[in-house]
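Novice: quick one: sequence plus predicted model below, questions after.
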Amino acid sequence: MRRFLANARAMLGRVAAAVSLTLALHAAPAPQAHAAELATLSSRFYTIRTDLQTKEVRHYAEHMDAVFEEYTRRFASFKARDRRPMPLYLFRTRERYLAHLAQYGINGAASGGMFFVQPQAQGLATFIEDLPRSAAFQTLQHEGFHQFAYAYIGPDLPLWVNEGLAVYFESGVLIRGQLRLGLADPARVESVKRAIRLKQAFGLDELLNITPTQWHQNMIDSDERGELQYNQCWSIVSFLVDADRGKYRPAFEKYLTLVSSGRPSDRAFRQAFGTEELEPLRRLWEAYALQVQSDPVSIAIYRMQFLAEGLLALTEHGETMPKTTDELRWRLQELQFELTRTHHGRTQKLTSMDESLYTYPRPSQPDGKFVLLEPAAQGLPPRITAPGLSPEPTLYWTRTTDGTLQHDVEYR
């Protein structure tokens, strides 16, 4: 009996975003001449240096202009310290990305994207290689917030809120030119709930005062603890922005204003929220985090990616493509297909015998069954869609320049 195992390549973008860092370097070698080989394109808010074709770059430029508009809308009270367009470096391969960073003495081997600041240059840099476009967008949205925060809120934004807001924006999806925020990734939601139930969550004081050294040490000491930092900071930011119809948003904005003006993080937080005792607020956050449910769109995408990896397994073994979800389920179960996802050291196994993976939750309706659509072009697997959701996600396929099948998600 055959059993197929797969690694979730779609998780690469999340991992890349989670380990990328804002760097401030004080000494670096001079840039090498090959940087001048990059083409330069301009969008409304970015100056883009790239080795991609203009047609390819346009998708990323339009996307990031829309994201930047959301940054400025959400933080309208903060004004740019430098009004020049944001520098964005977009490379085709990881090799070119690493080579570019190395010009400035930066080792980017553990990153998939980075906002960097040092004497010779600063900018937002990433690569696309064989990643789904949505994964590259997530990295750009995450690191793009770090870049925006540096220019608008200030260079010393406390680490917990800088990363929490970056993950908040990373999770957004662009619908008809506008960034939709507030989506809750299933794995992230469960990570926070598990930490609260096991009494392993970070204390508010601990996060308010965490230093880059402590943050990085947590990443080194424990993959699970390192991941929890990002997830919990996202959860607290979501609470302060969205809970009780924005009840805490004015105090949160005051906190950002105070730290932007140089006030220490812990004192600014207590002043903004009008309390010396953080325990009541921590309890309110925990109650909020424990009742948060993953949104249907995020759950659907999570399960669609499992089905997509199943289609890839069928393709790689020369199997005929199924026409319906029922046929896909039957074929995967016959093969005992399993998908192993490893993220920050935590491994999760999804199995084709789990009937829930072929359906998705619909608000105020019975669960829906995924629908297979005709391929977008000959030689591609069928598309997968989730009718009835808003926005409605559709997983589609393309081939990379070397012919590798790649799946991505679009919304309508």
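Specialist: Thanks, I have it. Here the structure is a predicted model, which is why all the values come from computation and not from measurement. Numbers count the residues shown, from 1 in each chain.
Novice: tell me where this structure has helices.
Specialist: Secondary structure of the chain, counting by DSSP state H: helices at 12-19, 54-74, 94-102, 133-152, 159-170, 186-197, 204-208, 212-221, 223-242, 249-260, 265-273, 279-291, 296-316, 325-334.
Novice: mind giving me the domain split of this protein?
Specialist: Here the domain parsing of the chain from automatic domain parsing is 10-155, 186-291, 296-411.
Novice: the closest residue to residue 242 other than its chain neighbours: neighbour count?
Specialist: In space, and not counting its chain neighbours, residue 242 is closest to residue 182: 5.9 Å by CB to CB, 6 or more residues apart in numbering. From N, CA and C alone the C-beta is placed, and that goes for glycine too. Counted with other CB atoms under 10 Å, residues neighbouring residue 182 total 11.
Novice: and what of residue 235?
Specialist: The number of residues packed near residue 235 is 28, by other CB under 10 Å.
Novice: from residue 189, how far out is it?
Specialist: Separation of residue 235 from residue 189 (CB to CB, to the nearest Å) stands at 8 Å.
Novice: that older thread, determine which stretch of the domains of the chain is the most buried.
Specialist: domain 10-155 (a mean of 18; mean count of other CB atoms under 10 Å).
Novice: what pLDDT does the residue nearest to residue 325 when sequence neighbours are not counted get?
Specialist: Spatial nearest neighbour of residue 325, excluding adjacent residues (CB to CB, 6+ apart): residue 370 at 5.0 Å. Predicted confidence (pLDDT) for residue 370: 97.
Novice: wouldn't residue 370 be in contact with residue 326 here?
Specialist: No: assessed by CB atoms under 8 Å, residue 370 is found out of contact with residue 326, at 10.3 Å.
Novice: out of the helices of the chain, nearest to residue 124?
Specialist: helix 133-152 (4.7 Å; CB to CB).
Novice: helices and strands around the closest one, which ones?
Specialist: helix 12-19, helix 54-74, strand 86-91, strand 113-118, strand 121-127, helix 159-170, strand 405-411 (3 or more CB pairs under 8 Å, 6 or more residues apart in numbering; DSSP states H and E).
Novice: hey, least reliable of those by pLDDT?
Specialist: Averaging pLDDT over each of those puts helix 12-19 lowest, since it has a mean of 36.
Novice: circling back: make TSV out of the helices of the chain and add distance to residue 395.
Specialist: Output for those, formatted as TSV (distance: least, CB to CB, whole Å):
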stretch	distance to residue 395
helix 12-19	15
helix 54-74	18
helix 94-102	24
helix 133-152	10
helix 159-170	19
helix 186-197	16
helix 204-208	35
helix 212-221	31
helix 223-242	24
helix 249-260	34
helix 265-273	41
helix 279-291	29
helix 296-316	5
helix 325-334	12
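Novice: who touches stretch 82-89?
Specialist: With contacts defined as CB atoms under 8 Å, 6 or more residues apart in numbering, stretch 82-89 is touched by 38, 42-43, 45-50, 64, 68, 97, 100, 121-126, 140, 144, 147-148, 151.
Novice: mind checking the end-to-end distance for that stretch?
Specialist: Stretch 82-89 has an end-to-end distance of 18 Å (CA to CA, to the nearest Å).
Novice: low-confidence ranges in this protein?
Specialist: For the chain, applying pLDDT under 70 flags the ranges 1-36, 341-347.
Novice: run the last query once more with 50
Specialist: Applying pLDDT under 50 to the chain picks out residues 1-33, 344-345.
Novice: before we move on, the earlier item: who touches both of residue 235 and residue 189?
Specialist: Here residue 235 and residue 189 have residue 292 as joint contacts, going by CB under 8 Å, 6+ apart.
Novice: quick check on the residue nearest to residue 325: phi, psi?
Specialist: According to degrees, to the nearest 10, the main-chain angles of residue 370 amount to phi -60, psi 150.
Novice: contact partners for it?
Specialist: 300, 303, 304, 307, 325, 358, 359, 360, 384, 385, 386.
Novice: try it again at 6 Å.
Specialist: 325, 384, 386 (CB atoms under 6 Å, 6 or more residues apart in numbering).
Novice: again, but for residue 333
Specialist: Contacts of residue 333 by CB under 6 Å, 6+ apart are 352, 353.
Novice: go again using 10 Å as the cut-off
Specialist: Contact partners of residue 333, counting by CB atoms under 10 Å, 6 or more residues apart in numbering, are 310, 351, 352, 353, 354, 355, 358.
Novice: residue 391: which of these is nearest?
Specialist: Among the contacts of residue 333, and counting by CB to CB, the member closest to residue 391 is residue 358, at 20.8 Å.
Novice: quick one: the closest one and residue 351, what's the gap?
Specialist: From residue 358 to residue 351 the distance is 12 Å (CB to CB).
Novice: what do residue 370 and residue 326 both touch?
Specialist: Listed contacts common to residue 370 and residue 326 are residue 358; contacts here mean CB under 10 Å, 6+ apart.
Novice: on that earlier part again, so which of the contacts of residue 333 sit within strands?
Specialist: Assigned to strands by DSSP state E, the following of the contacts of residue 333 qualify: residue 351.
Novice: now the contacts of residue 333 in CSV, with distance to residue 390?
Specialist: CSV is the format used below for the contacts of residue 333 (distance: CB to CB, whole Å):
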residue, distance to residue 390
310, 26
351, 30
352, 28
353, 30
354, 26
355, 25
358, 21
